[in-house]
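S.K.: Next comes the sequence, and after it the predicted model I'd like to discuss.
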Amino acid sequence: MLAAPGIAGAAACEPFLDVLDAARETVVLSLSRCDVRPAAAWPDPWQASAWRLSASARERWRKALAGDDLHSDLLAARLRARPADPQQLPGPLLLRISARLLAPAAWRWDAERGELAFAPHPSEAQACGGPGGLMIWDHTVDTAPASVVNAKVWRVERPGLMHALPDNCVDRWSVDLPASVDQHGLIRIPPDTLDGSLVNVRAQVGGREVKGSLRVFDAHRHPLAGRWHQVAELACDGRELSPGEPVQELIFDAGGEFSVTRQPFEAYKDYWGRYRHDPERGTITFTAEGGNRIPEGLRLQGTAVLQGRTLTLEQVQLWPAPSTDARCGMRFER
C-alpha cells in the first residue's frame, strides 16, 4: 500500500522543543523535527546529544535571543527548555559559555554554531566538567611487579580541593605494554616487568588527554622506597629520645628522589632532592636541591640500618632541633 502524500512529511515535522518565558507560561521559541538534524556530540565535558538548527530556524533563534528581554532572561537562566520527547528532561536554557549556574543545565545553546545540546545527566556533566585542571597523579608513582593499580582522573579546583571524576567521564584508558588497563582504570603490571620500567598512563576525557606515569621497582633493590615518619632521636651517648620536632613525612622513591616534611599539609613539602643508598654497605647520602623551608645544620651523610619496618639513620640529621644535647641519628617507621 502506498502512503498518502504528506503523511511522512507531517510525521517528520512533529514538535521537537519549546522554550518558555521567565514566568513559564508563554512559548517564546519553538522547534519542530524539520528544524533540526543530529550533530556531533559536544566535546569535554558534556559528550551530549546535539542538534544543528536549519538556516531559517537558526536565524530566528539568534534574533529572538539577542533581543533585550530574552537575552537578559537567557543570561539569568530564567528561560526553560521543554522538549516533546519524554526521554529528554526539561531544564533551564543557557548559553554554551554561561557560568551562571553552579550545576550545568541540561540544555545549552551555541549561537555561533546554531546548535542545541542536551545532557541527560547534568550532575554527571558537572562532575566531568567544572573549574580547575585534570590529573591522574602529580608525580611518578612507584609500584611493584605483579601489582594492580586503580587509576583515577582527578579534578583539582584549587590546592587541597580535588575530587575524582566518575568512571563514565573517561572515554578511554590506555597504558604502555606490557601493562594492561580496563575501562575503569584498573592497571595490571605483569610479574616479569623489569625494575625501573616506566609505564605511561593516558586517559581521554572528552577532547583532553590526561597523562600519568608508573615506575615499576624491585623492593630488594630499593628497600627504602615508601613513606616514613620519625619516632625517635638518637643522642650521641646512645640514648633514644622523643623527638621535639619530629619529621612526620620522609618519602623515598625508587628513582632516587626524597622529600622531607615536618608538618604535612596538602601537597606542601619542606625540602627535597636526591639520595644515594648502598644497601650492601649501608651508606646513604642526601643532596638537598630545593625547598620551601630548609633548616640550618643539616647532616646529610651517614648510614641507614633497615630492620623490618624500622629505619635508623646514623650520623644523619634531616631536621636539627634546638637543643644543647648532641644528636647523632634519627629513627623512622613505615
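M.R.: Received, thanks.

S.K.: What are the buried residues along stretch 18-36?
M.R.: Within stretch 18-36, the residues scored as buried using 16 or more other Cβ atoms under 10 Å are D18, V19, L20, D21, A22, V28, L29, S30, L31, R33, D35, V36. Glycine gets a C-beta too; all of them are placed from N, C-alpha and C.

S.K.: so how far is it from its chain's centroid?
M.R.: Relative to the centre of its chain, stretch 18-36 is centred 38 Å away, using Cα atoms, centre = their mean, to the nearest Å.

S.K.: and what of stretch 312-323?
M.R.: 37 Å.

S.K.: Check the burial of A117 by counting its neighbours.
M.R.: By other Cβ atoms under 10 Å, 21 other residues sit near A117.

S.K.: Of the buried residues of stretch 18-36, just say which sits nearest to D270.
M.R.: Closest approach to D270 among the buried residues of stretch 18-36 (Cβ to Cβ): A22, at 55.3 Å.

S.K.: Confirm for me that the closest one is in contact with L75.
M.R.: No. Counting by Cβ atoms under 8 Å, A22 does not reach L75; the two are 11.6 Å apart.

S.K.: three-state assignment of P246?
M.R.: Secondary structure, DSSP: H, G, I helix; E, B strand; the rest coil: P246 is coil.

S.K.: residue contacts, the closest residue to R158 other than its chain neighbours?
M.R.: Using Cβ to Cβ, 6 or more residues apart in numbering and skipping the chain neighbours, the partner closest in space to R158 is G132 (6.9 Å). Going by Cβ atoms under 8 Å, 6 or more residues apart in numbering, G132 touches R155, V156, E157, R158, L161, M162.

S.K.: just these now: which is nearest V175?
M.R.: Closest to V175, out of all of those and judged by Cβ to Cβ, is R155, at 21.2 Å.

S.K.: Name the SS class of the closest one, please.
M.R.: strand.

S.K.: For the spatially closest residue to it that is not a sequence neighbour, give me the pLDDT.
M.R.: Once flanking residues are discounted, R155 sits nearest to G132: 5.2 Å by Cβ to Cβ, 6+ apart. G132 is assigned a pLDDT of 74 by the prediction.

S.K.: What ranges does the stretch 101-250 of the chain have for its helices?
M.R.: For the stretch 101-250 of the chain, the helices defined by DSSP state H, counting those that start in this stretch cover 122-128.

S.K.: Sketch out the low-pLDDT regions of it for me.
M.R.: 101-105, 121-131, 159-160, 206-207 (pLDDT under 70).

S.K.: For stretch 246-266, give me every contacting residue.
M.R.: Stretch 246-266 is contacted by residues 139-140, 142, 159-160, 196, 215, 217, 222, 224-231, 245, 268-277, 286, 318-319, 330, 332 when judged by Cβ under 8 Å, 6+ apart.

S.K.: cutoff 7 Å now
M.R.: 140, 142, 159-160, 215, 217, 222, 224-230, 245, 268-275, 286, 318-319, 332 (Cβ atoms under 7 Å, 6 or more residues apart in numbering).

S.K.: Can I get that stretch as CSV, trimmed to CA atoms?
M.R.: Extracted C-alpha coordinates of stretch 246-266, given in CSV (Å, rounded to 0.1, in the frame of the first residue of the first chain):
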residue,chain,number,x,y,z
PRO,A,246,59.5,15.1,64.5
VAL,A,247,59.7,14.7,60.7
GLN,A,248,56.2,13.4,60.0
GLU,A,249,56.9,12.6,56.4
LEU,A,250,60.1,11.3,54.8
ILE,A,251,59.5,9.9,51.4
PHE,A,252,61.9,8.0,49.2
ASP,A,253,61.0,7.0,45.7
ALA,A,254,62.6,4.3,43.5
GLY,A,255,64.0,6.9,41.1
GLY,A,256,66.4,8.3,43.7
GLU,A,257,64.4,11.3,44.9
PHE,A,258,63.4,12.1,48.5
SER,A,259,61.4,14.8,50.3
VAL,A,260,61.2,15.9,54.0
THR,A,261,58.1,17.5,55.6
ARG,A,262,57.8,18.2,59.3
GLN,A,263,54.1,19.1,59.2
PRO,A,264,52.4,17.7,56.1
PHE,A,265,49.7,19.9,54.6
GLU,A,266,48.1,19.1,51.2
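
S.K.: roughly how far out does that stretch sit from the chain middle?
M.R.: 22 Å.

S.K.: Okay, buried residues for that stretch please.
M.R.: For stretch 246-266, the neighbour count (16+ other Cβ under 10 Å) marks 246-254, 258-262 as buried.

S.K.: What's the separation between V153 and H163?
M.R.: V153 is 10 Å from H163, where distance means Cβ to Cβ, to the nearest Å.

S.K.: what does P243 give?
M.R.: 35 Å.

S.K.: Name the residue in the two with the higher neighbour count.
M.R.: Taking neighbours as other Cβ under 10 Å, P243 and H163 compare with P243 leading, 18 against 13.
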